[in-house]
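In: What shape does this take:
(one chain, ligands or ions: 1)
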Amino acid sequence: MQRNFCGLRLSVGSLMVVLVACSSSYAARAVRSSESGDSLTVVIDAGHGGHDRGGIPGQRVAEKNMTLDVAQRLRNVLSGAGYHVVMTRDSDVFVPLATRVAIANSYRNAIFVCIHFNATNRMGASGIETYFYSRDSLPLASAVHYYVTGGAPSANRGVRRRGYYVLRKTAIPAVLVECGFLTNPTEAAYAQTASYRQKLAEEIATGVRGRSSLGSASYIDQTKVAKSERHSSKRSHKKSARKKKSSSKPAGSEARSGSLNREA
Ligand SMILES: [Zn+2]
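Out: Just a heads-up that it's a prediction; the model follows:
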């Protein structure tokens, strides 16, 4: 696992070659790493639901069920640690993105954690990605990604900045975790194991607890991809698909066209 955060497993020499934006207040922040829930509200958003299965057409494992299960497990872990937790959905129902955002924005001293699983038609794609948009969200994204990738056998596809609707519109620190590819047989098998989903929930919770102590990771900026897709999504799907094939999207990206104003 790639662990390239400030002060962790890095010699002085290796620090020079790692693109890490270390916070100057790292030492002071580290003291807070053992915080309990105190007054923080964690808004947990289980992706998709109801008629929206998530994933891609024909996908065998419904993403909406996996996201809800991990979200509920995360709720239990965080509640047990003393956090005030709010779920944007707690059953198999469809909740519009604007409603999810409105719920998140109705809380002060809160963070937003959105749970998804990835999908693609490309054979062999695997790994975990964590998205953020506002700079205030990067430490949370960094910490969640650090712990989730550290506890999972899947590849580390990095922290990514991208303008997904729920990340752009939330006024509180917000992250979206893609917990692996349900179109990958190995990762789909993991995802369908309760113990693995519990592990994911616990690692995300550890990231929430440690969000102020690890500084900020390097990240892949996909906001430019996002802009071009926002334009192309106004055209026909055919054109958008053609554009995607020839686009200069970042290596490894499984970003899907027109996904910015819907869920990941
Ligand atoms: Zn999704």
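In: The closest residue to the ion within the stretch 1-150 of the chain - nearest residue in space that isn't next to it in sequence?
Out: The ion sits closest to His116 of the stretch 1-150 of the chain, with a gap of 3.6 Å, by CB to the ion. C-betas here are computed from N, CA, C, even on glycine. Distances taken as CB to CB, 6 or more residues apart in numbering place Gly47 nearest to His116, at 4.1 Å, with adjacent residues excluded.
In: Report the contact partners of that neighbour.
Out: 54, 63-64, 67, 114-117, 263-264 (CB atoms under 8 Å, 6 or more residues apart in numbering).
In: secondary structure class for the residue of the stretch 1-150 of the chain closest to the ion?
Out: strand (DSSP: H, G, I helix; E, B strand; the rest coil).
In: Average pLDDT for the strand or helix carrying Glu178, rounded please.
Out: In this structure, Glu178 sits in strand 174-181 according to DSSP states H and E. Here strand 174-181 scores 98 as its mean pLDDT.
In: does the helix or strand that comes right after it come close to the ion?
Out: Helices and strands here follow DSSP H and E; after strand 174-181, the next one along the chain is helix 185-191. No: using CB under 5 Å from the ion, helix 185-191 stays clear of the ion, coming no nearer than 12.3 Å.
In: Next, the buried residues of helix 185-191.
Out: 187-188, 190-191 (16 or more other CB atoms under 10 Å).
In: which outside residues touch it?
Out: 60-61, 66, 117, 126, 152-154, 179-182, 196-197.
In: Where do the strands of the stretch 151-264 of the chain begin and end?
Out: Counting by DSSP state E, counting those that start in this stretch, one finds strands in the stretch 151-264 of the chain at the ranges 156-161, 174-181, 220-221.
In: could those be laid out in JSON lines, adding mean neighbour count and distance to Val42?
Out: Compiled in JSON lines, the strands of the stretch 151-264 of the chain are given as follows (neighbours: other CB atoms under 10 Å; distance: least, CB to CB, whole Å):
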{"stretch": "strand 156-161", "mean neighbour count": "21", "distance to Val42": "19"}
{"stretch": "strand 174-181", "mean neighbour count": "28", "distance to Val42": "11"}
{"stretch": "strand 220-221", "mean neighbour count": "14", "distance to Val42": "25"}
